[in-house]
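[1] got a structure for you, letters missing:
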């Protein structure tokens, strides 16, 4: 069994950061604070040692699939490249947010099926624990039966309910143009498709109910996307959907928090100082206690940067900020074996150089007990050269 010893880092244990050592055995954290003779060592002195980041909503992989409109790359190539990006940014558990829409192209049926198959095939070979987050466009009625089958077979890890039909109208021309470009259709063909989809609008609520019922029975955590009112959030909550993903106003976020729902915002929003859509400012919501999870959304480095931004701006302590990107998303997704550094937990561990304000640098990543990324080889030590002493955790 592989053993790894992490020596002398400033380690997040619960809500305290103190200097200690860790022993990893197999895929788990075996001991905290005691020397591990015979283990391969990493000198973590001067570094932060933090739990791996859990990303429950990220679609940055789409840029690897289609870096330019109409330019496609093989799914396996895109996923392998996305895995490297996730790991080097400290994401050890990644849910690829795969949209299955009524539209053809990047977010159509063929891509959704292909991504699911590719994730299942490649999963043993990827460094990050890679999972499937299906973002179902609620007007995508023809997919319902197949999605139900996937959930019953245990193939879906998260299910989100999306409704982006408002983007198809003329009120948001820029977003509509991007949507049309993504489908590869002419504007006229796109309009005809939208008309057909909208003609079945009365069937959507019943479809949502059926999908939510199967998700609950299959232990698949569910999310509602872009909730616009407390009533909308309440309706999804009544269906067992307990994760509010990007509520678009404070009133809805307040209602979600009062009911004990998980509330997800995008980490890029924090890093950039606001939403690129002009909606809710995530740092304001966090300051008011109206956000429990930060996701990478469309940019893998954002979670790491956001945690340090929140601490730097004194909105949260670093310990509190880290919970938004590790412990809380793990809990929201039902993953009880990760999200914190504790004996017996899955060994997903980051070593971070925080010497430059707002620019944390990932020095090493341990995922499921394996050293999968090392940016500073001088910190790697043969077991015999490690200083075997016990350092008590603060």
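    The structure has been received and is ready for your questions. These figures come from a predicted structure and were not determined experimentally.
[2] tell me the mean pLDDT for stretch 18-38?
    Confidence for stretch 18-38, expressed as mean pLDDT, is 90.
[3] what's the domain layout of this protein?
    Domain ranges of the chain: 3-51+340-385, 53-332, per automatic domain parsing.
[4] Skipping its backbone neighbours, what lies nearest residue 233 in space?
    Distances taken as C-beta to C-beta, 6 or more residues apart in numbering place residue 227 nearest to residue 233, at 4.5 Å, with adjacent residues excluded. Glycine gets a C-beta too; all of them are placed from N, C-alpha and C.
[5] can I assume that neighbour is in contact with residue 235?
    No: Residue 227 sits out of contact with residue 235 when judged by C-beta atoms under 8 Å, with a separation of 9.2 Å.
[6] Can you name the helix or strand that residue 305 falls in?
    helix 302-312 (DSSP states H and E).
[7] thinking again about what came up before, between residue 227 and residue 235, who's got more neighbours?
    Neighbours of residue 227 and residue 235, each counted by other C-beta atoms under 10 Å, are more numerous for residue 227; the result is 28 against 15.
[8] check which helix or strand covers the more buried one.
    Counting by DSSP H and E, residue 227 is found in no helix or strand.
[9] check contacts around it.
    With contacts taken as C-beta atoms under 8 Å, 6 or more residues apart in numbering, residue 227 has the following neighbours: 233, 236, 244, 245, 246, 247, 248, 252, 256.
[10] Of those, which belong to helices?
    Per DSSP state H, helices hold the following members of the contacts of residue 227: 233, 236, 252, 256.
[11] Pick out whichever of those sits closest to residue 145.
    Distance ranking of the ones in helices among the contacts of residue 227 against residue 145, using C-beta to C-beta, places residue 236 first at 21.5 Å.
[12] residues contacting the closest one?
    Counted by C-beta under 8 Å, 6+ apart, residue 236 has contacts 161, 212, 222, 224, 227, 244.
[13] go with 7 Å
    Going by C-beta atoms under 7 Å, 6 or more residues apart in numbering, residue 236 touches 161, 224.
[14] Now residue 162: phi and psi?
    Comment: the main-chain dihedrals of residue 162 come out as phi -110, psi 150, following degrees, to the nearest 10.
[15] count of residues packed around it?
    Other residues within reach of residue 162 by the criterion other C-beta under 10 Å amount to 22.
[16] list the contacts for it?
    Residues near residue 162 by C-beta under 7 Å, 6+ apart: 99, 135, 136, 137, 138, 225.
[17] host element of the second one?
    Here residue 135 is covered by strand 129-137, with elements defined by DSSP H and E.
[18] Give me the helices and strands touching that strand, please.
    Judged by 3 or more C-beta pairs under 7 Å, 6 or more residues apart in numbering; DSSP states H and E, strand 129-137 is in contact with strand 91-100, helix 109-122, strand 158-162.
[19] What's the mean pLDDT across the second one?
    Here the mean pLDDT over helix 109-122 is 94, rounded to a whole number.
[20] Would you mind pulling up the elements that it packs against?
    In terms of contacts (3+ C-beta pairs under 7 Å, 6+ apart), helix 109-122 is packed against helix 75-88, strand 91-100, strand 129-137.
[21] Which of these sits closest to residue 318?
    Distances from residue 318 to each of those were compared using C-beta to C-beta; the minimum, 17.7 Å, belongs to strand 91-100.
[22] Which strands and helices lie in contact with that closest one?
    strand 53-58, helix 109-122, strand 129-137.
[23] Mind doing that once more with 8 Å?
    In terms of contacts (3 or more C-beta pairs under 8 Å, 6 or more residues apart in numbering; DSSP states H and E), strand 91-100 is packed against strand 53-58, helix 75-88, helix 109-122, strand 129-137, strand 158-162.
[24] circling back to that earlier point, the inter-axis angle of the strand holding residue 135 versus strand 53-58?
    An angle of 30 degrees separates the directions of strand 129-137 and strand 53-58 when computed by axes from the mean of the first three to the mean of the last three C-alpha atoms, to 10 degrees.
[25] which is the next helix or strand following strand 129-137?
    Counting by DSSP H and E, the next helix or strand C-terminal to strand 129-137 is helix 144-152.
[26] and that next one, how far from the chain's centre?
    Computed by C-alpha atoms, centre = their mean, to the nearest Å, the separation of helix 144-152 from the middle of its chain amounts to 23 Å.
[27] same thing with stretch 179-196?
    Mean-position distance between stretch 179-196 and its chain equals 30 Å (C-alpha atoms, centre = their mean).
[28] Go through that stretch and flag the buried ones.
    Using 16 or more other C-beta atoms under 10 Å as the burial criterion, the residues of stretch 179-196 that qualify are 179, 180, 182, 183, 185, 190, 193, 194.
[29] Tell me which two in those are the farthest apart.
    Spatial extent of these (C-beta to C-beta) is set by the pair 182 and 194 at 13.7 Å.
[30] wait, what's in contact with residue 379?
    Residues 42, 43, 44, 351, 363, 364 are the ones in contact with residue 379 under the rule C-beta under 8 Å, 6+ apart.
[31] typed the wrong thing, it's residue 336
    The neighbourhood of residue 336, defined by C-beta under 8 Å, 6+ apart, consists of residue 330.
[32] quick one on the thing from earlier: quick one: the contacts of residue 227 as TSV, columns for pLDDT and distance to residue 341 too.
    Formatted as TSV, the entries for these read as follows, by pLDDT from 0 to 100; distance: C-beta to C-beta, whole Å:
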residue	pLDDT	distance to residue 341
233	98	33
236	98	33
244	98	28
245	97	27
246	95	29
247	95	31
248	92	35
252	97	34
256	98	29
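[33] so where do the helices sit in the stretch 151-300 of the chain?
    Ranges of helices within the stretch 151-300 of the chain are 173-183, 187-198, 204-217, 230-238, 250-258, 267-272, 282-287, based on DSSP state H, counting those that start in this stretch.
[34] Could you list the low-pLDDT ranges of the protein?
    Across the chain, the stretches falling below the confidence threshold (pLDDT under 70) are 1, 167-171, 276-278, 383-394.
[35] Just give me the residue closest to the centre of it.
    Most central in the chain under C-alpha atoms, centre = their mean is residue 55, positioned 1.7 Å from the mean C-alpha point.
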